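**Q** Please work out how this folds:
(2 chains)
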Amino acid sequence: MSDIMTAKNLNLWYGETHALKNVNITIPEKSITAFIGPSGCGKSTFLKTLNRMNDLIPSVKITGEVCYNGQNIYDNSVDVNELRREIGMVFQKPNPFPMSIYDNIAYGPRTHGIKSKVKLDEIVEQSLRDAAIWDEVKDRLKKNALGMSGGQQQRLCIARALAVKPKILLMDEPTSALDPISTSRIEELAIELKKCYTIVIVTHNMQQAVRISDNTAFFLLGELIEYGETEKLFSQPTDKRTEDYITGRFG
Amino acid sequence: MLSKKRKAYMVGMKAAMYLSTGLTAALVIFLVAYVFIKGIPHISWELLSTKPSYISGRIGILPDILNTLYIVLATLIFVIPLGVGAAIYLTEYAKNKKLVGMIEYAAETLSGIPSIIYGLVGMLFFCQFLGFKTSLLAGSLTLVIMNLPTVMRTTQESLKTVPQSYRDGAFGLGAGKWRVIRTVVLPGCVDGVITGCILSIGRILGESAALLFTAGFAHALNGIFEGLTSPGASLTVALYVYAKEQGEFGVAFAIAAILMILTLLINLSATLVSKHFAKKREL
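**A** Residues are numbered from 1 along each chain as shown, chains lettered A, B, ... in the order given. As a prediction, this is how the structure comes out:
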């Protein structure tokens, strides 16, 4: 498996706070990489550096490199909008737009210039099928998306992200606001999606990391402490702090 | 158990509250009823559809109705794009939070200034310095300055009610800033913007002091473009003129009744608009 993203000596400050310290990591293509660690350890912050969502926060300062397909995404020549099309995002709280299910999915493609109704219909159906929610919503595409359950809304958000044909899907604790059944559906979906997409997922739930991820990175106080194959990281951690965390000694 | 003293205290307080509520309601009802009783008998088709003539002694307020309409339209045409645009810039684009805070504070102060001061400044600046003379346009521009802070602040407040998560979702799909604002943020707060505009129509309708200085007192019947460049009395100014200078209290009360009905309709439509959108959002 080749590497699709690499971070080199990445540092990030929120004003005076040094939130990420010298993070180096490579993320392999078509796999699931999980970021774990206690609250405030920088895992979500790091996830957001991967598609420059931190740009939206005025006080953020970043040094170092994040390379996507060999190109530093913090380079001036990079089109942020195009970058975010290729590296999509699913958020902690489901955030469908207050419009119809159809318009939610079509939002991305329309943003990137697709106008043809036939083409949009096709993308909407395919995205909803890929997110395993087509059968539940096919009769109510024109209904407002806010009328769906939380779990459905989150799968809709995944479908919406898929509709712009990204290469990578960043998921920021996508199941933390959902019930166990919805959670397991999203997990199944993630495993299904890694055939075609690279997935990076932040999770608070260590069982979830074990269940679905190929590689796991453990963050603590802004540092990447340990990174490796999930099975190995959870069975034979090399760092004492990793062991303490996964055995529940703190967190 | 409640002691006797405490019981008496509670009964007394309750009575006091009933009394103050009753008094407030009675005052409002009295005012509305008084104006309607005095005014409505004087409203006639002739009054509404003609212009005044000194030769026949006839009084008609059609020019004043039209002038008011022109002033409302001209003011809105300037104040909505300016106010909404400024609000979008301050809320969505501006990075210097300190400066934004200062502008917001200044806007709030401006909206508290007595309108007669706007009139004075408007007269000196628009009528004399810019050479618009006493005209409906000068009056409208003065009202633009007066209403700008309100429109801007209400729009800003409604922009702030749009959840950040909507913006994040759209940015995450690769939408540019303006597209996010146009397709996600503005539709999410359009009710607030419309309500703000409707309420400022109410303020424009009710304004008199600023117009006394800038728009004049004429009762000539004009089309909109001619009207804007010539002096003319709005309904409120006409009310003042008929009552104070001509002693026509019947006409003054008729105008008062019309203004009250209009205000009522405006507030009603503001409520309906916000209800309509609230319902749409729930679905």
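**Q** how close does the closest residue to B:His219 other than its chain neighbours sit to B:Lys177?
**A** Nearest residue to B:His219, sequence neighbours excluded (C-beta to C-beta, 6 or more residues apart in numbering or on different chains): B:Pro63, at 4.6 Å. All C-beta spots, glycine's among them, are computed from the backbone N, C-alpha and C. Using C-beta to C-beta, to the nearest Å, one gets 47 Å for the distance from B:Pro63 to B:Lys177.
**Q** These two: who's more crowded?
**A** More crowded of B:Pro63 and B:Lys177, by other C-beta atoms under 10 Å in any protein chain shown: B:Pro63, with 20 against 16.
**Q** Name the residues of stretch B:26-45 that come out as buried.
**A** Going by neighbour count (16 or more other C-beta atoms under 10 Å in any protein chain shown), the buried part of stretch B:26-45 is B:Val35, B:Phe36, B:Lys38, B:Gly39, B:His42, B:Ile43.
**Q** before we move on, what about stretch B:234-253?
**A** Buried, per 16+ other C-beta under 10 Å, within stretch B:234-253: B:234-243, B:248, B:250-253.
**Q** quick one: contacts for A:Leu47?
**A** Counting by C-beta atoms under 8 Å, 6 or more residues apart in numbering or on different chains, A:Leu47 touches A:Phe35, A:Leu170, A:Asp172, A:Val200, A:Val202.
**Q** where do the strands sit along the stretch 151-251 of chain A?
**A** Counting by DSSP state E, counting those that start in this stretch, the stretch 151-251 of chain A has strands at residues A:168-172, A:198-202, A:215-220, A:223-229.
**Q** Which one of the ones you listed lies nearest to chain B?
**A** Nearest of the strands of the stretch 151-251 of chain A to chain B, taken as C-beta to the nearest C-beta: strand A:168-172 at 8.3 Å.
**Q** That closest one versus strand A:198-202: what angle between them?
**A** Orientation check (axes from the mean of the first three to the mean of the last three C-alpha atoms, to 10 degrees): strand A:168-172 against strand A:198-202 gives 10 degrees.
**Q** Sticking with A:His18, tell me its helix or strand.
**A** strand A:17-28 (DSSP states H and E).
**Q** which residue packs closest to residue 191, ignoring adjacent ones?
**A** This is for chain A. A:Ile212 (5.7 Å).
**Q** look at chain B instead
**A** Computed as C-beta to C-beta, 6+ apart, the closest residue to B:Asp191 that is not its neighbour in sequence is B:Phe277, at 3.5 Å.
**Q** Please apply the same query to A:Thr198.
**A** Per C-beta to C-beta, 6+ apart, closest to A:Thr198 is A:Ile168, 4.5 Å.
**Q** Enumerate every residue touching that neighbour.
**A** Applying C-beta under 8 Å, 6+ apart, the residues near A:Ile168 are A:Ile4, A:Met5, A:Leu50, A:Asn51, A:Tyr68, A:Glu86, A:Ile87, A:Gly88, A:Tyr197, A:Thr198, A:Ile199, A:Val200.
**Q** Mind listing the residues bridging to the second one?
**A** Listed beta-bridge partners, A:Met5: A:Ile27, A:Tyr68 (assigned using DSSP bridges).
**Q** do you know how far it is from chain B?
**A** As defined by C-beta to the nearest C-beta, to the nearest Å, A:Met5 lies at a distance of 16 Å from chain B.
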